[in-house]
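Chemist: only geometry, no sequence info:
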Ligand code: SF4
């Protein structure tokens, strides 16, 4: 049985249920790299170019952690996941960057997913990917169909309020049942839900009695509706989700504060920061806090800022009551 390695980074946090079911349906064993730790982060930062964003460095570390463990590494080129918007440009070059990383890495298995080219081309990509494991097109189609069904179940759990790790089956990651406040946390799921990278942000909020809302919990129609008032349409899928979720929470008075986690050296994140600060203020005075992270971010700094932010929200609420 061939072993396919999946780095626990980047789009793992969005599509893993689909990928796992797809490859297992074609008779492969799926091996995921371990949760991020110091060794994995160091592997990534030592090999990546210094101007790369932290999530890409983390991805490099996870790919290297699978060296010698698997027969192939799954690294797709994800260009677009919807008709009218693109993913981050870094996702386009990822397979090439990984191929050039280390001669001893297993071969990269992947294909290009670009929904801007339509469904016909998309299914051709699925067939191309599956044909590395079988020549039977029906088997490939069935594996994809089953994977898509698992992804739908995963997305449904998120809409119903599960956090991403919880929906992925990590049982120690439940949201709070009886919170004293609600905090919206926006950013890339690969930052927020990588406990090592985010320095346990979500669990720290839970310990302070805060329920956490994330953009994955907001229905796509509500996102589209919320951003429809913007003078220009947003070009990147990720930007749309983050901005739409913030507007939706503010318009519906659903959160006591919002934290947006930003990767240093991320183009889309820097645009979002400007947009959020300009537009969200027009809707509501709910406190917002940016948290910029890179590989040098320290836990003490995060704890201090978080405590100050939550204390400020508590004082604000006490004044109102
Ligand atoms: S969206 Fe930003 S953080 Fe994510 S891969 Fe692209 S540059 Fe890096």
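Modeler: Nice, thanks for sending it over. Since this is a predicted model, take the numbers as computed values, not measurements. Residues are numbered from 1 along each chain as shown.

Chemist: what's the weakest-modelled helix or strand in the protein?
Modeler: Ranked by mean pLDDT, DSSP states H and E, the helix or strand of the chain with the weakest confidence is helix 267-283, at a mean of 80.

Chemist: Mind giving me the packing neighbours of it?
Modeler: If you count contacts as 3 or more C-beta pairs under 8 Å, 6 or more residues apart in numbering; DSSP states H and E, helix 267-283 packs onto helix 237-251, strand 257-263, strand 288-293. In short, each C-beta sits where N, CA and C put it, glycine included.

Chemist: how about TSV for those, with mean pLDDT and mean neighbour count added?
Modeler: Written out in TSV, the entries for the helices and strands packed on helix 267-283 read as follows (pLDDT from 0 to 100; neighbours: other C-beta atoms under 10 Å):
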stretch	mean pLDDT	mean neighbour count
helix 237-251	88	23
strand 257-263	92	22
strand 288-293	91	19
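
Chemist: would JSON lines of these with distance to the ligand be doable?
Modeler: Listed next are the helices and strands packed on helix 267-283 as JSON lines, based on distance: least, C-beta to the nearest ligand atom, whole Å:
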{"stretch": "helix 237-251", "distance to the ligand": "6"}
{"stretch": "strand 257-263", "distance to the ligand": "4"}
{"stretch": "strand 288-293", "distance to the ligand": "10"}
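
Chemist: Tell me which of those approaches residue 171 most closely.
Modeler: Minimum separation from residue 171 across these (C-beta to C-beta) falls at strand 257-263, 23.7 Å.

Chemist: For the helices and strands packed on helix 267-283, give me CSV that also has distance to residue 156.
Modeler: Written out in CSV, the entries for the helices and strands packed on helix 267-283 read as follows (distance: least, C-beta to C-beta, whole Å):
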stretch, distance to residue 156
helix 237-251, 17
strand 257-263, 24
strand 288-293, 29
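
Chemist: circling back to that earlier point, got the buried residues for the least confident helix or strand of the chain?
Modeler: For helix 267-283, the neighbour count (16 or more other C-beta atoms under 10 Å) marks 268, 269, 272, 273, 275, 276, 279, 280 as buried.

Chemist: right, and the helices and strands packed on helix 267-283 - which one's nearest residue 7?
Modeler: Proximity to residue 7 (C-beta to C-beta) singles out strand 257-263 among the helices and strands packed on helix 267-283, at 16.8 Å.

Chemist: Contacts for the closest one, please.
Modeler: Applying C-beta atoms under 8 Å, 6 or more residues apart in numbering, the external contacts of strand 257-263 come out as 53-55, 181, 183-188, 191-192, 198, 201, 242, 246, 249-250, 269-270, 272-273, 276, 280, 286-294, 306, 309-310, 313.

Chemist: same thing but at 7 Å, please
Modeler: 53-55, 183-188, 191-192, 198, 201, 246, 269, 273, 276, 286-293, 309, 313 (C-beta atoms under 7 Å, 6 or more residues apart in numbering).

Chemist: Then stretch 304-312?
Modeler: Defining contact as C-beta under 7 Å, 6+ apart, one finds that stretch 304-312 is touched by 204, 208, 257, 287, 289, 291.

Chemist: again, but for stretch 9-16
Modeler: 6, 55, 58, 59, 62, 78, 151, 164, 168, 189, 190, 193.

Chemist: Any idea which of those the model trusts least?
Modeler: Ranked by pLDDT, those bottom out at residue 78 (89).

Chemist: show me what contacts that residue?
Modeler: The neighbours of residue 78, taking C-beta under 7 Å, 6+ apart as the test, are 11, 87, 91, 113.

Chemist: Just those: which are in strands?
Modeler: When DSSP state E defines the strands, the subset of the contacts of residue 78 inside them is residue 113.

Chemist: follow-up on the earlier one: which two of the contacts of stretch 304-312 have the greatest separation?
Modeler: The largest separation in these, counting by C-beta to C-beta, is between 204 and 287 at 16.8 Å.

Chemist: for the chain, which spans come out with low pLDDT?
Modeler: Applying pLDDT under 70 to the chain flags residues 321.

Chemist: which residue is nearest the centroid of it?
Modeler: If you average the C-alpha coordinates of the chain and look for the closest C-alpha using C-alpha atoms, centre = their mean, you land on residue 189, 2.9 Å from that point.

Chemist: So for that one, what's the nearest residue that isn't a sequence neighbour?
Modeler: In this structure, residue 189 finds its nearest non-sequential neighbour in residue 13, 3.9 Å apart by C-beta to C-beta, 6 or more residues apart in numbering.

Chemist: Give the next helix or strand downstream of the host helix or strand of the one you found.
Modeler: Remark: residue 13 resides in helix 12-25, with elements defined by DSSP states H and E. From helix 12-25 onward toward the C-terminus, using DSSP H and E, the following helix or strand is strand 29-32.
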